[in-house]
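Trainee: What shape does this take:
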Amino acid sequence: MKFVTAIMSAIVWGSGQVLNKQWLKGLAFFAVQVTFICVELFTGTLRALTVPEGAMDIGGNPFLHFRNFGFFTRSLWGIITLGEIPRESSATLIFDHSTMLLISGLIAIAILFVLFLVYILNIRDAYKTRKKIEEGERVSSINSIRLGLESNFEYISITPGLLLILFVSLLPIIFSFIVVFTNYNTNTIPPRNLVEWVGFQTFIDIVKLPIWSHTFVYLFVWTTIWAFTATFTAYTFGMIQAVIISSPLVRFKKIFRSIYILPWAIPGFVSVLTWRSALHPQGPINRFLVDLGFEAIPFLTDVNWARTALILVNIWLGFPYFMSLISGVMSTIDTDMYEAAQIDGANSPQIFRHITFPYLLAATAPQLIFSVTFNFNNFGLVFFLTGGGPGDPSLQFAGATDLLITWIYKLTLEQRMYNYAAAMSVFIFVILATVSAINLRRTRVFKED
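Mentor: A predicted model of the protein is given here:
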């Protein structure tokens, strides 16, 4: 009998629960199925199936077409074909928009995936409930719902957040990944031109075409050097400041901490734009140097000076965070270890090297990894300070100080090379996810968890 209830629920959702005398659950599952069917019928399917054979729509196209069916059928057709009719002129009434079809297709697949999970839950619940009844256990709809809520409270609580992540965060990531396999660029902008599936051609172009491969390798090497240099210079300077301020010889500690925290308190882009004005060839710093008899320094027009300026400004913006973090960690170190080391004759450098530094490094390792990841994609600093410049003719749509993320921005908004920008995003995601996962698994904090 339990297989009968499962089969009944597989055909008509909730009918197995009704057979098990669980009316509320049966009604809930049946309402989900009815809602799904109504959405599909009243968004086009019913109208498309009731028109006379051979009827044409206002665009002169056959009415009985997937384009005129319900939301789910139309969306699945759209993500497979990416459209069939371009908009040849403003007078064209019926046309397809490839990116809209792609987005609606992803949304439809996400909804269908959730509905499939509900469908499986419906069958599984009918089967398990009937099995309990046959074993002599008394079940009721209200009690089973109450017990289900109590035993699965944690999962029910996180479900709304998971759904938001699915539709707000995960779907855009999937969309970017899928765009890589299309020819969506400045030559194929819908609806005037339809986008087509091209497979791995975008990746092949990046690897085989010298201008693309050279630019990618150049920017990847610089981005990697920048991420580690920017992180560890800010971390080192923050540690130095934290150690100095924590010294018993320093008075007015709160005043110094308040002053040093100001660069972190001010919005980052405001500080970066201020530094851009200060480092301009005609800015106050160069004017001061010229007044002293020195030559002006090309902070923003020379490659090496521009990169140096980026690192220095990043130290200015980043060290307050690490100073605060390390100061907090240092306050948790057991003073008995310091006293024991002093009794054994250790001096201050030895105490720092063998006690303070290992403790700080172990406690702040996850923050260091996250900071490297952040600096790998530190769009704001590069964009507002140097704009990726100075220019380099050997690079494709990029400057000498561009990071991969700023190059993606230029490919997307300035050049409209969406498929290549999406490919770069995939590369960045794979690299950062792999490196972060490996390093986090090796840190002591995550091993303890």
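Trainee: phi, psi of residue 182?
Mentor: Main-chain torsions, residue 182, degrees, to the nearest 10: phi -120, psi 180.
Trainee: That one contacts residue 199, correct?
Mentor: No. Counting by C-beta atoms under 8 Å, residue 182 stays clear of residue 199, with 9.4 Å between them. Backbone N, C-alpha and C define where each C-beta goes, glycine included.
Trainee: Comparing those two, which shows the higher neighbour count?
Mentor: residue 182 (22 against 10; other C-beta atoms under 10 Å).
Trainee: What sits closest to the more buried one if chain neighbours are left out?
Mentor: residue 195 (4.9 Å; C-beta to C-beta, 6 or more residues apart in numbering).
Trainee: what's the pLDDT at residue 175?
Mentor: pLDDT recorded at residue 175 is 91.
Trainee: typo on my end, residue 448
Mentor: 52.
Trainee: for residue 63, same thing?
Mentor: Predicted confidence (pLDDT) for residue 63: 66.
Trainee: So, low pLDDT: which residues of the stretch 101-250 of the chain?
Mentor: Within the stretch 101-250 of the chain, the stretches with pLDDT under 70 are 139-145, 147-152.
Trainee: and the nearest residue to residue 179 once chain neighbours are set aside, how many neighbours does it have?
Mentor: Closest residue to residue 179 apart from its sequence neighbours, by C-beta to C-beta, 6+ apart: residue 422 at 4.1 Å. Counted with other C-beta under 10 Å, residues neighbouring residue 422 total 23.
Trainee: go on, residue 317?
Mentor: 21.
Trainee: ok, now which ones touch it?
Mentor: 234, 263-264, 268, 271-272, 381 (C-beta atoms under 8 Å, 6 or more residues apart in numbering).
Trainee: So it versus residue 283, what's the distance?
Mentor: 18 Å (C-beta to C-beta, to the nearest Å).
Trainee: Let me know the distance separating residue 38 from residue 158.
Mentor: Distance from residue 38 to residue 158, by C-beta to C-beta: 29 Å.
Trainee: Can you tell me the closest non-neighbouring residue to residue 235?
Mentor: Nearest to residue 235 is residue 322, by C-beta to C-beta, 6+ apart, at 5.0 Å.
Trainee: Can you tell me which of the contacts of residue 317 is nearest residue 166?
Mentor: residue 268 (30.4 Å; C-beta to C-beta).
Trainee: Make sure the closest one is actually in contact with residue 381.
Mentor: Yes. The pair residue 268 / residue 381 is scored as a contact, 7.4 Å apart, by C-beta under 8 Å.
Trainee: When the two are compared, which one has more neighbours?
Mentor: Between residue 268 and residue 381, counted using other C-beta under 10 Å, residue 381 has the larger neighbour count: 24 against 16.
Trainee: which SSE is the more buried one in?
Mentor: helix 379-385 (DSSP states H and E).
Trainee: Tell me the buried residues in that helix?
Mentor: Neighbour-count burial for helix 379-385, counted by 16 or more other C-beta atoms under 10 Å, picks out 381-385.
Trainee: Which residue ranges of the stretch 301-449 of the chain form helices?
Mentor: Applying DSSP state H, counting those that start in this stretch to the stretch 301-449 of the chain gives helices spanning 303-330, 335-343, 348-351, 357-376, 379-385, 404-409, 418-442, 444-448.
Trainee: so what does the helix or strand where residue 121 lies touch, helix or strand wise?
Mentor: For residue 121, the host element (DSSP H and E) is helix 98-134. Helix 98-134 is packed against helix 2-11, helix 15-19, helix 23-40, helix 71-81, helix 171-179, with contacts defined by 3 or more C-beta pairs under 8 Å, 6 or more residues apart in numbering; DSSP states H and E.
Trainee: Pick the most deeply packed of these.
Mentor: helix 15-19 (a mean of 23; mean count of other C-beta atoms under 10 Å).
Trainee: Name the surrounding residues that touch it.
Mentor: Outside helix 15-19, the residues touching it (C-beta under 8 Å, 6+ apart) are 4-9, 23, 25-26, 29-30, 122-123, 125-127, 129-130, 141.
Trainee: try stretch 120-140
Mentor: With C-beta under 8 Å, 6+ apart as the criterion, stretch 120-140 contacts 1-3, 5-6, 8-10, 13-14, 16-17, 19-22, 25, 29, 144.
Trainee: what's the span of stretch 169-185 from first residue to last?
Mentor: 23 Å (C-alpha to C-alpha, to the nearest Å).
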